[in-house]
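Peer 1: Test case, fold it:
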Amino acid sequence: MITIQEAFSILKNNLPEPKLEMLSLAKAKKHTLAEDLIAPICMPPFRQSAMDGFALGVHEGLVYEIIGEIKAGDDHQVVLKAGQAVKIFTGAPVPDSATAVMQIEKVRVSGATLTLEEQPKFQMNIRPIGEQNLKGDLALKKGTLLNAACIGFLAGLGFTEVLVYQKSKIGILVTGNELILPGLPLKHGKIYESNSIMLDIALQESFYENTTVYYVNDDFENTKNKIADALVENDVILISGGISVGDYDFVEKALETLKVKRLFYKVKQKPGKPLFAGKLKDKMIFALPGNPAASLTCFYVYVLPTLQMISGYTIEYGQTVSKKLTHDFVVSNARNQFLKAHIIGDEVTVLTHQNSSMLNTFSTSNGLMYVEDGGYQLTKGDLVEVYVI
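Peer 2: Residues are numbered from 1 along each chain as shown. Model (predicted):
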């Protein structure tokens, strides 16, 4: 049995090389840029009005002659003499001869005569060429996680596709004769299978949507064949259950038969002690505990960071934040523990029902409080380490 830090180190040293792909902007959300992007144009590419109002050929008086209008998208140039004005709309190109735009709320119009309430300031309400960026500037750097603002920014520069780190295709394999699907009659000795949909939704929430679920009963040949199929069809495999040492736990034997290299098996932690991590060429395999809360804990602590690093995220294993405990808490554990907890601001509260089979309080948890093994007292206000989920 290894420590949590040893498990992190082993995983980091065995991460496969990230793969690259070109994606359209519409499909690139929550992907990580695999190269620096250089702006191909200035933004804005022309002097642009920041207001609805009037572009002015400024002179000393407050009265101007209106000689036309310019709408957003117009490409004609108007030459303004001193004392002349054109009506202009937000986003429209400002004539080179204009030195200010007066917003419409500060003028009076009578026919072709425009009267200002005040003298305009030089270049007021005019966005200069390249105010946001100049052609040749670094638009976004390699490693940027693409969100809606990034994609909108790139679209505004004329990009249609980007080179990104590929997201892994993930297989979820669920084992257990005792499992039946929700909706079927619940017979004595059976339980409803929840881990597959739980893990699938956890992946979707982190923008990993290319998943396949496999079901297997407690039979060695069936287990081996299903894992073999999943290894062919996916980049990362998550196996739920069947990794313990019972007479009907065949996952470890099946993985050995398929020549999967064991990275580690069993971690000194609670919950999730019977965690297995392995590798076959560039495929990563995690056999997670069957108990739902233990499975989800191992997902957030080990699996998700692995997926994110393969996807080009700049993160590390074991990233926590410090929070103040809202109450006294007694630690009495032989293993390091991840406790379901709720974070509000800079404070954290440990929740009830910490058993590895219980999801009811996990459903209201947004963090896992990490405590070292031993017997000791934590008091209200103590700083503790928390994994944010």
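Peer 1: what about the helices in the stretch 101-250 of the chain?
Peer 2: For the stretch 101-250 of the chain, the helices defined by DSSP state H, counting those that start in this stretch cover 148-156, 195-205, 220-233.
Peer 1: Work out the gap between the second one and the centre of the chain.
Peer 2: From the chain centre to the centre of helix 195-205 is a distance of 15 Å (C-alpha atoms, centre = their mean, to the nearest Å).
Peer 1: likewise the first one?
Peer 2: With C-alpha atoms, centre = their mean as the basis, helix 148-156 stands 16 Å off its chain's centre.
Peer 1: Same question for the longest one.
Peer 2: Helix 220-233 sits 30 Å away from the centroid of its parent chain (C-alpha atoms, centre = their mean).
Peer 1: Can I get the helices of the stretch 101-250 of the chain in CSV including mean pLDDT, mean neighbour count and distance to Ile170?
Peer 2: No exception for glycine: its C-beta is placed from N, CA and C like everyone else's. Shown next, in CSV, are the helices of the stretch 101-250 of the chain (pLDDT from 0 to 100; neighbours: other C-beta atoms under 10 Å; distance: least, C-beta to C-beta, whole Å):
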stretch, mean pLDDT, mean neighbour count, distance to Ile170
helix 148-156, 97, 15, 24
helix 195-205, 94, 17, 6
helix 220-233, 94, 17, 9
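Peer 1: To Gln103, which of those helices lies closest?
Peer 2: helix 148-156 (23.8 Å; C-beta to C-beta).
Peer 1: Go ahead and name everything in contact with that closest one.
Peer 2: If you take C-beta atoms under 8 Å, 6 or more residues apart in numbering as the criterion, helix 148-156 is touched by 25, 28-29, 37, 43, 139-140, 144, 162.
Peer 1: repeat for stretch 356-367
Peer 2: Under C-beta under 8 Å, 6+ apart, the answer for stretch 356-367 is 194, 198, 270-272, 289, 291-294, 296-297, 323, 340-343, 348, 351-354, 386-389.
Peer 1: what's the answer for stretch 56-65, then?
Peer 2: Here stretch 56-65 has contacts from 54, 80-85, 97-102, 112-120, 122, using C-beta under 8 Å, 6+ apart.
Peer 1: Over to stretch 104-121?
Peer 2: 51-54, 56, 58, 62-67, 85, 99-102.
Peer 1: if we go to 6 Å?
Peer 2: Stretch 104-121 has contacts (C-beta atoms under 6 Å, 6 or more residues apart in numbering) with 52-54, 56, 58, 62-64, 66, 85, 100, 102.
Peer 1: repeat for stretch 309-328
Peer 2: Everything outside stretch 309-328 that qualifies as a contact, by C-beta under 6 Å, 6+ apart, is 8, 15, 18, 32, 143, 165, 167-168, 305, 308, 346-349, 378-388.
Peer 1: Mind listing what's buried along that stretch?
Peer 2: Buried residues in stretch 309-328, defined by neighbour count with 16 or more other C-beta atoms under 10 Å: 309-313, 317-318, 323, 325.
Peer 1: Need the max-distance pair from the residues you listed.
Peer 2: Gly312 and Leu325 (34.9 Å).
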